[in-house]
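Trainee: Dropping a prediction and its sequence here:
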Amino acid sequence: MKGFDFDFLKVSPTDIVDIILVALLIYYVYTLIRNTLAVNLLVGMFIITVFYWIVKALHMELLTAIIDKFMSVGIIALIVIFHPEIRRFLLLIGKNAFLQKNKAWWGYLFGRKEIERNNLTRIKPIIDACKTMKKTRTGALMVFVKFYDEQFFANSCEIVDAKISKRLLESIFQKNSPLHDGAVVISENKIKSASCILPLTDNDQLPSQFGLRHRAGIGVSETTDAVAVIISEETGEISYAKQGRVRMNVSFGELEKLLNKDF
(Lines give C-alpha, C1' and ligand atoms only; values in the text may rest on other atoms or scores of the structure.)
Protein backbone atom coordinates (compact mmCIF):
# COMPACT_ATOMS: atom_id res chain seq x y z
CA MET A 1 0.00 0.00 0.00
CA LYS A 2 1.33 3.36 -0.98
CA GLY A 3 2.13 5.59 1.99
CA PHE A 4 1.22 9.24 2.46
CA ASP A 5 3.64 11.94 1.38
CA PHE A 6 4.25 14.38 4.23
CA ASP A 7 6.83 16.49 2.40
CA PHE A 8 4.46 19.46 2.46
CA LEU A 9 4.68 19.47 6.27
CA LYS A 10 8.41 20.18 6.33
CA VAL A 11 9.04 23.44 8.16
CA SER A 12 12.25 25.41 7.87
CA PRO A 13 13.58 27.94 10.44
CA THR A 14 12.57 30.72 8.05
CA ASP A 15 8.97 29.42 8.08
CA ILE A 16 8.95 29.48 11.89
CA VAL A 17 10.17 33.10 11.95
CA ASP A 18 7.56 33.97 9.31
CA ILE A 19 4.75 32.43 11.39
CA ILE A 20 5.92 34.23 14.56
CA LEU A 21 6.07 37.61 12.79
CA VAL A 22 2.59 37.15 11.31
CA ALA A 23 1.23 36.13 14.73
CA LEU A 24 2.79 39.23 16.33
CA LEU A 25 1.35 41.45 13.59
CA ILE A 26 -2.14 39.99 14.10
CA TYR A 27 -1.80 40.40 17.87
CA TYR A 28 -0.82 44.07 17.67
CA VAL A 29 -3.53 44.84 15.11
CA TYR A 30 -6.01 43.18 17.48
CA THR A 31 -4.82 45.29 20.43
CA LEU A 32 -5.29 48.43 18.32
CA ILE A 33 -8.86 47.71 17.23
CA ARG A 34 -10.05 45.92 20.38
CA ASN A 35 -12.92 47.78 22.07
CA THR A 36 -13.17 50.22 19.15
CA LEU A 37 -15.72 50.82 16.39
CA ALA A 38 -13.23 49.30 13.94
CA VAL A 39 -14.30 45.82 15.07
CA ASN A 40 -17.89 46.50 13.98
CA LEU A 41 -16.63 47.86 10.65
CA LEU A 42 -14.60 44.71 10.05
CA VAL A 43 -17.64 42.55 10.81
CA GLY A 44 -19.70 44.61 8.36
CA MET A 45 -17.06 44.23 5.65
CA PHE A 46 -16.91 40.47 6.27
CA ILE A 47 -20.70 40.19 5.89
CA ILE A 48 -20.58 42.16 2.61
CA THR A 49 -17.82 39.87 1.30
CA VAL A 50 -19.78 36.71 2.17
CA PHE A 51 -22.91 38.21 0.58
CA TYR A 52 -20.86 38.98 -2.56
CA TRP A 53 -19.73 35.35 -2.83
CA ILE A 54 -23.32 34.14 -2.43
CA VAL A 55 -24.84 36.40 -5.11
CA LYS A 56 -21.93 35.58 -7.46
CA ALA A 57 -22.50 31.84 -6.97
CA LEU A 58 -26.21 32.36 -7.72
CA HIS A 59 -25.29 34.29 -10.93
CA MET A 60 -27.19 37.42 -9.88
CA GLU A 61 -25.37 39.59 -12.39
CA LEU A 62 -26.75 43.04 -11.54
CA LEU A 63 -26.22 42.76 -7.78
CA THR A 64 -22.81 41.19 -8.34
CA ALA A 65 -21.76 44.09 -10.57
CA ILE A 66 -22.90 46.67 -7.98
CA ILE A 67 -21.04 45.00 -5.09
CA ASP A 68 -18.02 44.41 -7.32
CA LYS A 69 -17.79 48.14 -8.08
CA PHE A 70 -18.11 48.87 -4.38
CA MET A 71 -15.33 46.41 -3.50
CA SER A 72 -13.04 47.68 -6.28
CA VAL A 73 -12.29 50.76 -4.18
CA GLY A 74 -11.81 48.64 -1.08
CA ILE A 75 -8.17 49.57 -0.42
CA ILE A 76 -8.91 53.31 -0.52
CA ALA A 77 -12.00 52.79 1.64
CA LEU A 78 -9.94 50.81 4.17
CA ILE A 79 -7.38 53.59 4.43
CA VAL A 80 -10.11 56.21 4.97
CA ILE A 81 -12.15 54.14 7.43
CA PHE A 82 -9.21 52.88 9.48
CA HIS A 83 -7.17 56.09 9.34
CA PRO A 84 -7.08 56.53 13.18
CA GLU A 85 -6.03 52.88 13.71
CA ILE A 86 -3.35 53.06 10.99
CA ARG A 87 -2.03 56.28 12.52
CA ARG A 88 -1.86 54.71 15.98
CA PHE A 89 -0.10 51.66 14.52
CA LEU A 90 2.60 53.86 12.98
CA LEU A 91 2.91 55.78 16.25
CA LEU A 92 3.47 52.48 18.04
CA ILE A 93 6.37 51.69 15.74
CA GLY A 94 7.84 55.19 16.07
CA LYS A 95 7.70 55.14 19.86
CA ASN A 96 9.06 51.59 20.21
CA ALA A 97 5.83 50.70 21.97
CA PHE A 98 6.15 47.10 20.79
CA LEU A 99 8.94 46.52 23.30
CA GLN A 100 6.97 48.18 26.08
CA LYS A 101 3.91 46.05 25.32
CA ASN A 102 6.03 42.90 25.24
CA LYS A 103 7.29 43.73 28.74
CA ALA A 104 3.71 44.22 29.86
CA TRP A 105 2.67 40.95 28.20
CA TRP A 106 5.43 38.93 29.87
CA GLY A 107 4.62 40.66 33.13
CA TYR A 108 0.99 39.69 32.68
CA LEU A 109 1.97 36.03 32.33
CA PHE A 110 4.51 35.88 35.14
CA GLY A 111 3.58 38.71 37.47
CA ARG A 112 -0.10 39.45 37.06
CA LYS A 113 -0.80 40.17 40.73
CA GLU A 114 2.07 42.64 40.91
CA ILE A 115 0.77 44.48 37.82
CA GLU A 116 -2.75 44.62 39.30
CA ARG A 117 -1.38 46.08 42.54
CA ASN A 118 0.61 48.70 40.63
CA ASN A 119 -2.41 49.58 38.51
CA LEU A 120 -4.64 49.98 41.57
CA THR A 121 -2.01 52.29 43.06
CA ARG A 122 -2.20 54.47 39.93
CA ILE A 123 -6.00 54.45 40.00
CA LYS A 124 -6.31 55.35 43.70
CA PRO A 125 -5.82 59.16 43.27
CA ILE A 126 -8.58 59.14 40.63
CA ILE A 127 -10.98 57.21 42.88
CA ASP A 128 -10.18 59.48 45.85
CA ALA A 129 -10.81 62.60 43.73
CA CYS A 130 -14.13 61.14 42.54
CA LYS A 131 -15.18 60.51 46.16
CA THR A 132 -14.53 64.15 47.07
CA MET A 133 -16.21 65.55 43.95
CA LYS A 134 -19.24 63.30 44.41
CA LYS A 135 -19.59 64.51 48.01
CA THR A 136 -19.29 68.19 47.02
CA ARG A 137 -21.30 67.69 43.80
CA THR A 138 -18.52 69.06 41.65
CA GLY A 139 -19.15 68.39 37.96
CA ALA A 140 -16.30 66.56 36.22
CA LEU A 141 -15.48 64.78 32.99
CA MET A 142 -12.38 62.57 32.83
CA VAL A 143 -11.47 60.82 29.59
CA PHE A 144 -9.05 57.86 29.55
CA VAL A 145 -7.36 57.05 26.24
CA LYS A 146 -4.90 54.29 25.39
CA PHE A 147 -3.07 56.35 22.80
CA TYR A 148 -2.94 60.12 23.20
CA ASP A 149 -3.61 61.67 19.79
CA GLU A 150 -1.99 65.11 19.98
CA GLN A 151 -3.58 66.19 16.71
CA PHE A 152 -7.05 65.30 17.97
CA PHE A 153 -6.75 67.04 21.34
CA ALA A 154 -4.23 69.87 20.76
CA ASN A 155 -6.64 72.31 19.10
CA SER A 156 -9.23 72.27 21.88
CA CYS A 157 -7.24 71.61 25.07
CA GLU A 158 -4.78 73.17 27.47
CA ILE A 159 -1.67 71.00 27.74
CA VAL A 160 -0.95 69.90 31.32
CA ASP A 161 1.27 66.79 31.09
CA ALA A 162 1.39 66.30 34.86
CA LYS A 163 1.46 63.39 37.28
CA ILE A 164 -1.98 62.15 38.32
CA SER A 165 -2.90 63.40 41.78
CA LYS A 166 -6.09 63.80 43.79
CA ARG A 167 -5.46 67.47 44.59
CA LEU A 168 -4.70 68.40 40.99
CA LEU A 169 -7.88 66.78 39.69
CA GLU A 170 -9.96 68.49 42.36
CA SER A 171 -8.39 71.89 41.66
CA ILE A 172 -8.97 71.58 37.90
CA PHE A 173 -12.70 70.91 38.34
CA GLN A 174 -13.33 73.57 41.01
CA LYS A 175 -16.01 75.97 39.82
CA ASN A 176 -13.69 78.96 40.01
CA SER A 177 -10.91 77.24 38.08
CA PRO A 178 -10.34 78.53 34.52
CA LEU A 179 -9.95 74.90 33.41
CA HIS A 180 -13.11 73.45 34.96
CA ASP A 181 -15.13 73.64 31.73
CA GLY A 182 -14.44 70.75 29.40
CA ALA A 183 -12.73 67.42 29.96
CA VAL A 184 -9.49 66.20 31.47
CA VAL A 185 -7.67 63.69 29.25
CA ILE A 186 -5.63 61.01 31.02
CA SER A 187 -3.18 58.78 29.17
CA GLU A 188 0.16 57.07 29.77
CA ASN A 189 -0.38 57.50 33.55
CA LYS A 190 -0.45 61.30 33.22
CA ILE A 191 -2.96 64.10 33.07
CA LYS A 192 -2.15 65.08 29.50
CA SER A 193 -4.56 67.99 29.01
CA ALA A 194 -7.51 69.84 30.52
CA SER A 195 -10.42 72.05 29.46
CA CYS A 196 -10.90 69.90 26.35
CA ILE A 197 -13.89 70.53 24.09
CA LEU A 198 -15.14 67.16 22.84
CA PRO A 199 -17.65 66.19 20.14
CA LEU A 200 -21.17 65.59 21.44
CA THR A 201 -23.10 62.41 20.75
CA ASP A 202 -25.94 62.49 18.21
CA ASN A 203 -27.89 59.90 20.20
CA ASP A 204 -31.37 61.32 20.84
CA GLN A 205 -32.44 58.39 23.05
CA LEU A 206 -30.48 59.51 26.11
CA PRO A 207 -32.22 60.43 29.39
CA SER A 208 -33.36 64.05 29.59
CA GLN A 209 -31.23 64.73 32.68
CA PHE A 210 -28.02 64.20 30.68
CA GLY A 211 -26.25 67.51 30.10
CA LEU A 212 -23.27 68.52 27.98
CA ARG A 213 -20.78 66.58 30.13
CA HIS A 214 -22.63 63.31 29.63
CA ARG A 215 -23.14 63.92 25.92
CA ALA A 216 -19.48 64.82 25.45
CA GLY A 217 -18.31 61.76 27.40
CA ILE A 218 -20.57 59.45 25.40
CA GLY A 219 -19.60 61.19 22.15
CA VAL A 220 -15.84 60.71 22.61
CA SER A 221 -16.40 57.04 23.53
CA GLU A 222 -18.34 56.57 20.27
CA THR A 223 -15.66 58.01 17.98
CA THR A 224 -12.50 56.77 19.77
CA ASP A 225 -11.35 53.91 22.01
CA ALA A 226 -11.64 56.19 25.05
CA VAL A 227 -13.69 55.62 28.19
CA ALA A 228 -15.14 58.51 30.17
CA VAL A 229 -15.98 59.05 33.85
CA ILE A 230 -18.69 61.69 34.34
CA ILE A 231 -19.71 63.23 37.66
CA SER A 232 -23.03 65.06 37.66
CA GLU A 233 -23.00 68.58 39.08
CA GLU A 234 -26.69 68.32 40.05
CA THR A 235 -26.73 64.93 41.80
CA GLY A 236 -23.08 63.90 42.26
CA GLU A 237 -23.91 60.64 40.50
CA ILE A 238 -21.01 58.93 38.70
CA SER A 239 -21.50 57.56 35.17
CA TYR A 240 -19.15 55.50 33.02
CA ALA A 241 -19.22 55.73 29.22
CA LYS A 242 -17.64 53.19 26.89
CA GLN A 243 -18.27 52.49 23.18
CA GLY A 244 -21.21 54.87 23.15
CA ARG A 245 -22.93 53.15 26.07
CA VAL A 246 -23.27 54.64 29.52
CA ARG A 247 -23.52 52.95 32.91
CA MET A 248 -25.25 55.16 35.48
CA ASN A 249 -24.94 55.41 39.25
CA VAL A 250 -21.61 53.58 39.36
CA SER A 251 -20.30 52.76 42.85
CA PHE A 252 -16.67 53.37 43.81
CA GLY A 253 -16.04 49.61 43.88
CA GLU A 254 -17.44 49.23 40.35
CA LEU A 255 -15.47 52.26 39.16
CA GLU A 256 -12.24 50.78 40.52
CA LYS A 257 -12.88 47.48 38.70
CA LEU A 258 -13.80 49.23 35.44
CA LEU A 259 -10.76 51.47 35.45
CA ASN A 260 -8.47 48.59 36.45
CA LYS A 261 -9.75 46.71 33.41
CA ASP A 262 -9.82 49.55 30.84
CA PHE A 263 -7.07 51.94 32.03
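Mentor: Sure, I can see it. Everything numeric here is computed off the predicted structure, so don't read it as measured data.

Trainee: that's a strand at I186, yeah?
Mentor: Yes. Counting by DSSP: H, G, I helix; E, B strand; the rest coil, I186 is part of a strand.

Trainee: Any idea how many residues pack against it?
Mentor: 24 (other Cβ atoms under 10 Å). For every residue, glycine as well, the C-beta is placed using N, CA and C.

Trainee: Ignoring the adjacent residues along the chain, who's closest to it?
Mentor: F144 (5.1 Å; Cβ to Cβ, 6 or more residues apart in numbering).

Trainee: Now for the one you found: which residues touch it?
Mentor: Contact partners of F144, counting by Cβ atoms under 8 Å, 6 or more residues apart in numbering, are 186-187, 226-229, 259, 262-263.

Trainee: Out of those, the closest to Q205 would be?
Mentor: A228 (17.9 Å; Cβ to Cβ).

Trainee: Report the beta-bridge partners for the residue nearest to I186.
Mentor: Bridge pairing for F144 (DSSP bridges) gives the partners I186, V227.

Trainee: Which parts of the stretch 51-200 of the chain are strands?
Mentor: In the stretch 51-200 of the chain, the strands defined using DSSP state E, counting those that start in this stretch lie at 140-144, 158-163, 183-187, 190-196.

Trainee: Can you tell me which helices and strands the longest one packs against?
Mentor: On a contact count with 3 or more Cβ pairs under 8 Å, 6 or more residues apart in numbering; DSSP states H and E, strand 190-196 meets helix 150-154, strand 158-163, helix 166-173, strand 183-187.

Trainee: any idea of the angle the third one forms with strand 183-187?
Mentor: With axes from the mean of the first three to the mean of the last three Cα atoms, to 10 degrees as the basis, helix 166-173 and strand 183-187 are set at 150 degrees to each other.

Trainee: hmm, who's touching helix 166-173?
Mentor: Contacts of helix 166-173 (Cβ under 8 Å, 6+ apart): 125-126, 128-129, 132-133, 138-140, 142, 162, 177, 179-180, 184, 191, 194.

Trainee: Tell me the buried residues within those.
Mentor: With neighbours counted using 16 or more other Cβ atoms under 10 Å, the contacts of helix 166-173 contain these buried positions: 125-126, 128-129, 133, 138-140, 142, 179-180, 184, 191, 194.

Trainee: got CSV for those residues, with pLDDT too?
Mentor: Below are the buried ones among the contacts of helix 166-173 laid out as CSV (pLDDT from 0 to 100):
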residue, pLDDT
P125, 92
I126, 92
D128, 93
A129, 92
M133, 93
T138, 92
G139, 91
A140, 92
M142, 94
L179, 85
H180, 83
V184, 92
I191, 90
A194, 90
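
Trainee: neighbours of A226, just the number please.
Mentor: Look at A226: counted by other Cβ under 10 Å, it has 27 neighbours.

Trainee: Provide a list of residues in contact with the residue nearest to it when sequence neighbours are not counted.
Mentor: Spatial nearest neighbour of A226, chain neighbours left out: V145 (4.5 Å); criterion: Cβ to Cβ, 6+ apart. Shown in contact with V145 (Cβ under 8 Å, 6+ apart): 185-187, 224-226.
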